[in-house]
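Engineer: pasting the structure only:
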């Protein structure tokens with residue numbers, strides 16, 4: 001603990017990555033994601049939250065900007081006409 005706050009420990013062989021802004025248009029959604037999950041009607045609540053508060057958790061991308069996690073957040077960013085999104 002430091003200053004009364006608990007800190008995360010990085011184990012040997014692990015790395016910590018920072019989120020970075022990437023162009024929304026460059027992120028490639030996985031084809032296996034069910035289409036109904038990213039239908040506009042299913043995203044209203046999340047889209048409203050992202051519009052009012054912003055993005056709380058970055059999306060996760062792999063090699064070639066292939067989306068690993070965050071299909072709904074990416075779909076909302078597109079519907080909100082965001083140019084960039086935070087990604088790890």
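Structural biologist: Yep, it's here. Being a predicted model, the structure only gives us computed values, none of them experimental.
Engineer: Look up how far residue 51 lies from the residue nearest the centre of the chain.
Structural biologist: With distances taken as C-alpha atoms, centre = their mean, the residue of the chain nearest its centroid is residue 59 (1.7 Å). Taking C-beta to C-beta, to the nearest Å as the measure, residue 59 falls 17 Å from residue 51. Any C-beta I mention is one placed from the backbone N, CA and C, and that applies to glycine too.
Engineer: follow-up on the earlier one: quick check: closest non-adjacent residue to the residue nearest to the centre of the chain.
Structural biologist: Spatial nearest neighbour of residue 59, chain neighbours left out: residue 70 (3.0 Å); criterion: C-beta to C-beta, 6 or more residues apart in numbering.
Engineer: Point out where this structure drops to low pLDDT.
Structural biologist: For the chain, the stretches with pLDDT under 70 are 1-10.
Engineer: Okay, strands next: where are they in it?
Structural biologist: Secondary structure of the chain by DSSP state E: the strands cover 20-23, 60-61, 67-69, 84-87.
Engineer: Pull out the buried residues from the first one.
Structural biologist: Translated: strand 20-23. Across strand 20-23, burial judged by 16 or more other C-beta atoms under 10 Å covers residue 22.
Engineer: Packing partners of it?
Structural biologist: strand 84-87 (3 or more C-beta pairs under 8 Å, 6 or more residues apart in numbering; DSSP states H and E).
Engineer: And the strand it packs on, what's buried?
Structural biologist: 85, 86, 87.
Engineer: repeat for stretch 60-76
Structural biologist: Here stretch 60-76 shows 61, 67, 70, 71, 72, 73, 74, 75, 76 as buried, counting by 16+ other C-beta under 10 Å.
Engineer: May I see these arranged in JSON lines, with distance to residue 28 as well?
Structural biologist: Below are those laid out as JSON lines (distance: C-beta to C-beta, whole Å):
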{"residue": "61", "distance to residue 28": "8"}
{"residue": "67", "distance to residue 28": "6"}
{"residue": "70", "distance to residue 28": "12"}
{"residue": "71", "distance to residue 28": "11"}
{"residue": "72", "distance to residue 28": "16"}
{"residue": "73", "distance to residue 28": "15"}
{"residue": "74", "distance to residue 28": "10"}
{"residue": "75", "distance to residue 28": "13"}
{"residue": "76", "distance to residue 28": "17"}
